[in-house]
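>>> this one's sequence-less:
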């Protein structure tokens, strides 16, 4: 975790009220991984005290450039839309636990709902860099809110669902998943909580739908994988990036807690934002 002064290089509105900003922050980009986030402070005279968390949308160690993708929904995020190239912000990161890709995985299924694209976008670049095949399923309410395909690498298979059927599949993006679950070695998702809960239910029944037999215990099969560990995330078919509201982003305020199946509260900013889907008590209603 590092505290740097990041300089804005570019700012543009890519969708209605959704912005993509590029910052020069070489001291922060080094070591950043998909699933992590930054905590950014607004201007000293803005009257806005709390930092704002943003997923690391893309990160290029070669150029030191980092992008964030956000929706302008209040005074804080609206302040960021007024920044101009050359302006500097106070940026803390990279924070949080990242996605974990099993070294043996060759086919990755990514699922994003709306602004959840920001949470998995960097994983696209990492997977392609490592020679993996990527299918990205994206869900939006209507065509005007669909993430532009021009902002994705050509190597990605990009499949869209819209609630009203104005582009791609008519219905929820979760309805597309069964067509790909046999192909995928692992799946990763970010988006609204109902979408993530639905994906978790699908992941739970995947082995039965695919007819995967449970054989006797193999050598090393009795090894306990600690909950919340990187190994637990790699072992799970589905990993999810949670989008809880954060206050401090360092684990002190407990404002971003979700409940684990073990009954233990989990701070999204510290134990997450990425979890194995079977670690989360989706019915808890937090």
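That came through fine. Quick caveat, the model's predicted, so the values are computed rather than measured. Numbers count the residues shown, from 1 in each chain.
>>> Now do the SS call for residue 22.
Using DSSP: H, G, I helix; E, B strand; the rest coil as the criterion, the local structure at residue 22 reads strand.
>>> Measure how buried residue 92 is and give me the count.
For residue 92, the neighbour count with other Cβ atoms under 10 Å is 20. C-beta coordinates here come from the backbone N, C-alpha and C atoms, glycine included.
>>> same deal with residue 156?
Neighbours of residue 156 using other Cβ under 10 Å come to 17.
>>> Kindly report the same for the one 4 residues further on.
Under the neighbour criterion other Cβ under 10 Å, residue 160 is assigned a count of 19.
>>> ok, it - contacts?
137-140, 146, 167-169 (Cβ atoms under 8 Å, 6 or more residues apart in numbering).
>>> Next: residue 118.
54-55, 57, 68-70, 190.
>>> What's the first helix or strand after the helix or strand encompassing it?
Element membership of residue 118, judged by DSSP states H and E, is helix 117-129. Per DSSP H and E, the first helix or strand lying C-terminal to helix 117-129 is strand 133-140.
>>> Walk me through the domains of the protein.
2-95, 107-211+218-284 (automatic domain parsing).
>>> what helices or strands is the strand or helix carrying residue 70 leaning on?
Using DSSP H and E, residue 70 maps to strand 65-71. Counting contacts by 3 or more Cβ pairs under 8 Å, 6 or more residues apart in numbering; DSSP states H and E, strand 65-71 packs against strand 2-15, strand 18-24, helix 26-29, strand 37-41, strand 52-55, strand 58-60, helix 75-81, helix 117-129.
>>> what sits up against the helix or strand of the chain with the lowest mean pLDDT?
In the chain, the helix or strand scored least confidently by mean pLDDT, DSSP states H and E is helix 206-210, which has a mean of 81. Outside helix 206-210, the residues within contact range by Cβ under 8 Å, 6+ apart are 178, 181-182, 214, 237.
>>> out of the residues you listed, what pair is the most spread apart?
178 and 214 (20.9 Å; Cβ to Cβ).
>>> quick one: which of those two has more around it?
Each of residue 178 and residue 214 has its neighbours counted (other Cβ under 10 Å); residue 178 has more, 11 against 6.
>>> show me the contacts for the more buried one.
Applying Cβ under 8 Å, 6+ apart to residue 178 gives the contacts 202, 209.
>>> wait, what's in contact with residue 197?
residue 282.
>>> Am I right that it sits in a helix?
Yes - according to three-state DSSP, residue 197 belongs to a helix.
>>> just use 535 as the starting number from now, easier for me
Happy to do that; since the first residue is 535 now, the last one works out to residue 731.
>>> what residues are up against residue 589?
Contacts of residue 589 by Cβ under 8 Å, 6+ apart are 569-571, 602-603, 652-653, 655, 724, 775, 807.
>>> Out of the contacts of residue 652, flag the one nearest to residue 780.
Distance to residue 780, by Cβ to Cβ, is smallest for residue 588 among these, at 10.4 Å.
>>> Just give me the residue right at the centre of the protein.
residue 653 (2.3 Å; Cα atoms, centre = their mean).
>>> thought that one was touching residue 778?
No - proximity of residue 653 to residue 778 does not meet the contact threshold set by Cβ atoms under 8 Å, at 12.0 Å.
>>> how about whatever helix or strand comes next after the least confident helix or strand of the chain: buried residues?
Later in the chain than helix 740-744, the nearest helix or strand by DSSP H and E is helix 764-769. For helix 764-769, burial by neighbour count (16 or more other Cβ atoms under 10 Å) applies to 766-768.
>>> Switch these over to a markdown table; also include pLDDT and distance to residue 792.
Output for those, formatted as a markdown table (pLDDT from 0 to 100; distance: Cβ to Cβ, whole Å):
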| residue | pLDDT | distance to residue 792 |
| --- | --- | --- |
| 766 | 83 | 16 |
| 767 | 87 | 15 |
| 768 | 89 | 20 |
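>>> Turn the residues you listed into a markdown table, including distance to residue 666.
Compiled in a markdown table, those are given as follows (distance: Cβ to Cβ, whole Å):
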| residue | distance to residue 666 |
| --- | --- |
| 766 | 21 |
| 767 | 16 |
| 768 | 14 |
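>>> Of these, just say which sits nearest to residue 661.
Nearest member of these to residue 661, counting by Cβ to Cβ, is residue 768, at 14.1 Å.
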